[in-house]
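Participant: using only what follows, build the 3D model:
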Amino acid sequence: MPQPTPPDRALQALSDSIGGARTRRPEDATDPAIPVAATVVLLRDGAGPRGGLEVLMMERPDRGSFAGAWVFPGGKLEAADRGADEGEPEETVARRAAIRETREETGLIVDPRPVVTLSCWDPPPGLALRIRTWFFLATGATGTLAPAPDEVVRAEWIRPADALADHGRGGFTLYPPTWVTLHGLARHDDTASVLGAARVGGIQRFETVARRSGDGPVLLWHGDDEYEPDAPAEASGSRHRLEIGSLPWRYQRS
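Facilitator: Now for the predicted structure:
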């Protein structure tokens, strides 16, 4: 019998986890009991004939929570990331953690001053493993790319559209926050466009609800007619969802 591939295992894990999801409560997005992580989306303008926007991605080892997945550098917040002010915003602590993790995992140094907060992802409530994750944008990292061998199989600068296409063919393991982030980046031609849009648009908050449909699991966010469990029958047709039942995934936002 053929062994399941990393994308197969990732999809199965997502599908299995949705069975335990429940309706969101107002306090879910700030639940202090949920671990918090942070990641840096490192951007550059590609050279060569193709040019275009590129992003640094890493392949995780074939073990752990994100076994075999391609991710951005990052990890969980640690005590050393916290400042002297106990009332410091979570976003500020997360920014320090994201920069530290990037240095530890890739050897690259990120200047914190121009870092832009892109999004905050809160997973569906009721899942056994929940991690609230902050995403930050950065350019101009210094140093030499030197992936940490115990945490990174390989690291590559990739065009967002190419990463999505490889995932759609089953050759690239991605998890929903990474996929949706790449989907948004793929609309831009260069780093200036990405950073300008992020500054104007502000922080995107993805407070996720998981449901099952006839075509498989669906992740919903604010703005989707079916986000609230008691949504009226007279739906407006508004969509903000990611359908992950089969490849390629389908993102709808209207």
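
Participant: name the helices or strands packed onto whichever helix or strand Ala192 is part of?
Facilitator: Following DSSP states H and E, one finds Ala192 within helix 191-201. In terms of contacts (3 or more Cβ pairs under 8 Å, 6 or more residues apart in numbering; DSSP states H and E), helix 191-201 is packed against strand 36-45, strand 53-59, strand 116-122, strand 132-139. Where C-beta positions appear, they are placed from N, C-alpha and C, glycine not excepted.

Participant: direction included, what does the last one pair up with?
Facilitator: Strand pairing for strand 132-139, using DSSP bridges, gives strand 36-45 (parallel), strand 116-122 (antiparallel).

Participant: tabulate the CA atom coordinates of the first one in PDB.
Facilitator: Same thing as strand 36-45. Only the C-alpha atoms of strand 36-45 are listed here, as PDB (Å, rounded to 0.1, in the frame of the first residue of the first chain):
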ATOM      1  CA  VAL A  36       1.100  32.400  20.900                       C
ATOM      2  CA  ALA A  37       3.600  32.200  18.100                       C
ATOM      3  CA  ALA A  38       5.000  34.700  15.500                       C
ATOM      4  CA  THR A  39       6.500  34.600  12.100                       C
ATOM      5  CA  VAL A  40       8.300  36.900   9.700                       C
ATOM      6  CA  VAL A  41       7.400  37.000   6.100                       C
ATOM      7  CA  LEU A  42      10.700  38.000   4.500                       C
ATOM      8  CA  LEU A  43      10.300  39.700   1.100                       C
ATOM      9  CA  ARG A  44      12.700  40.700  -1.600                       C
ATOM     10  CA  ASP A  45      12.500  41.800  -5.300                       C
END
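
Participant: verify the contact between Phe172 and Trp70 for me.
Facilitator: Yes: using Cβ atoms under 8 Å as the test, Phe172 is close enough to Trp70 to be in contact (5.8 Å).

Participant: and the two? Which one has more around it.
Facilitator: Trp70 (25 against 21; other Cβ atoms under 10 Å).

Participant: ok, that one - contacts?
Facilitator: For Trp70, the contacting residues are Met57, Met58, Glu59, Arg60, Ala163, Phe172, Thr173, Leu174, Thr178, by Cβ atoms under 8 Å, 6 or more residues apart in numbering.

Participant: number of nearby residues for the fourth one?
Facilitator: The local packing count at Arg60 equals 18, with neighbours defined by other Cβ under 10 Å.

Participant: for it, give its distance to Asp224.
Facilitator: 30 Å (Cβ to Cβ, to the nearest Å).

Participant: biggest helix in the protein, by residue count?
Facilitator: Longest helix in the chain, counting residues (DSSP state H): helix 90-106.

Participant: buried residues in it?
Facilitator: By neighbour count on 16 or more other Cβ atoms under 10 Å, the buried set for helix 90-106 is 93-103, 105-106.

Participant: so where's the stretch 1-150 of the chain uncertain?
Facilitator: Counting by pLDDT under 70, the ranges of the stretch 1-150 of the chain that qualify are 1-21, 49, 128.

Participant: measure the nearest residue to Thr142 once chain neighbours are set aside to Ala146 for me?
Facilitator: For Thr142, ignoring the flanking residues on the chain, the nearest one in space by Cβ to Cβ, 6 or more residues apart in numbering is Ile109 at 4.8 Å. Using Cβ to Cβ, Ile109 is found at 11 Å from Ala146.
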